[in-house]
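Peer 1: need a structure here:
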Amino acid sequence: MVIPKANVGDLMLHKDVVKAVESGQFHLWAIEHADEGIELLCGVSVGQLDENGEYPHDSVHGIVQQKLENKAKKDGARFVIIADASADQLEGATQFAANFTTMRAKVNLKVVAASNYQLVAEAAESFSGLDAVQDIAVQKALTGACENAAGQVAEQIMNAVNSAKTFKFTVNDVKTIERLEKLQTILRTLPEVEEFSLTKYNNSNATFDVQANVKSSEEFSAKIIRKYYANFGIQAVGADYVEMQFL
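Peer 2: Numbering: from 1, shown residues only. Okay, the predicted model is just below:
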């Protein structure tokens, strides 16, 4: 049985339950965070966010994160939001509000592009919630912190969307499905590319609609050549299109 650590002082157990605990027939754990309960029940580390907003792949949160990101890509979502939130009691606050509990929530939000997992927006906020019921104080704190963080990332997302330009990207001499798949992989790895879609494939030539955070088609072609000079040769560059040969 798992209970919040804050409720240990209020716990009342029948003597038979106490005996069962003492004999090891019944187990009782007091936890401060839901993550502790997940680790107890699953026997697997929940994992901690690294500086890139990623959880270890073999952790509980890492597995969940990967499944959500895969679903986002499958459903055609442009962005994935990764949130890390916690709430702790604010020590010393009770002297100002007797019989009330003050909770302080911290929220970190990261928004990545579903196509290549590049960071699009991030925010970190904290907020306090006060109530006679601790769970309600937690809810108030988390709600306030999440709303403030969401407001910050929303503006960054809109800036990213509005700054992206759309180009026609034609690649000649693709020749095989394997080379087409390689071409699509290259587009996914370019951090400037937000999303792309194959609009035409005919006579070994592939045409894509590409949304990229660049100022011009010349900059877009330069980004590709700089990183993949062995794979491409420039054939034509216009105001809203780029044509290359796949080597």
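Peer 1: Check the offset of the lowest-mean-pLDDT helix or strand in the chain from the chain's centre.
Peer 2: Taking mean pLDDT, DSSP states H and E as the measure, the helices and strands of the chain show their lowest mean at helix 60-74, namely a mean of 78. On the basis of C-alpha atoms, centre = their mean, to the nearest Å, helix 60-74 sits 9 Å off its chain's mean C-alpha point.
Peer 1: Report the buried residues of it.
Peer 2: V60, H61, G62, Q65, E69, A72 (16 or more other C-beta atoms under 10 Å). Where C-beta positions appear, they are placed from N, C-alpha and C, glycine not excepted.
Peer 1: Tell me which residue is most central in this protein.
Peer 2: Most central residue of the chain, judged by C-alpha distance to the mean C-alpha position with C-alpha atoms, centre = their mean, is I82 at 2.8 Å.
Peer 1: List the residues that contact that one.
Peer 2: Residues near I82 by C-beta atoms under 8 Å, 6 or more residues apart in numbering: L49, G53, Q65, L109, K110, V111, V112.
Peer 1: What is the distance between the longest helix seen in the chain and the centre of its chain?
Peer 2: Looking across the chain with DSSP state H, the single longest helix is helix 134-163. Taking the mean C-alpha point of helix 134-163 and that of its whole chain, the gap between them comes to 14 Å (C-alpha atoms, centre = their mean).
Peer 1: same deal with stretch 220-239?
Peer 2: The chain centre lies 31 Å from the centre of stretch 220-239; the measure is C-alpha atoms, centre = their mean.
Peer 1: Now do the buried residues in the strand or helix carrying E219.
Peer 2: For E219, the host element (DSSP states H and E) is helix 217-228. Judged by neighbour count using 16+ other C-beta under 10 Å, the buried positions of helix 217-228 are S217, F220, S221, K223, I224, Y228.
Peer 1: what residue ranges in the chain score low on pLDDT?
Peer 2: 51-53, 73, 76, 92-98, 115-116 (pLDDT under 70).
Peer 1: where do the helices sit along it?
Peer 2: Assignment of helices within the chain using DSSP H yields the ranges 15-22, 34-42, 60-74, 134-163, 177-189, 217-228.
Peer 1: Return the set of residues that bridge with G233.
Peer 2: Counting by DSSP bridges, G233 forms beta bridges with Q245.
Peer 1: The helix holding E219 vs helix 177-189, what angle?
Peer 2: With axes from the mean of the first three to the mean of the last three C-alpha atoms, to 10 degrees as the basis, helix 217-228 and helix 177-189 are set at 110 degrees to each other.
Peer 1: how deep is the nearest residue to F208 once chain neighbours are set aside tucked in, by neighbour count?
Peer 2: Nearest in space to F208, with sequence neighbours left out and distances taken as C-beta to C-beta, 6 or more residues apart in numbering, is F169 at 4.5 Å. Taking other C-beta atoms under 10 Å as the criterion, the count of residues near F169 is 24.
Peer 1: and F169, what are its bridge partners?
Peer 2: F208, V242.
Peer 1: Please verify my assumption that S217 contacts V237.
Peer 2: Yes. In this structure S217 lies within contact range of V237 using C-beta atoms under 8 Å: 5.4 Å.
Peer 1: For the nearest residue to V193 once chain neighbours are set aside, which residues are in contact?
Peer 2: Closest residue to V193 apart from its sequence neighbours, by C-beta to C-beta, 6+ apart: A212 at 4.9 Å. Residues near A212 by C-beta under 8 Å, 6+ apart: A164, K165, F167, L190, E192, V193, E194, F220, K223.
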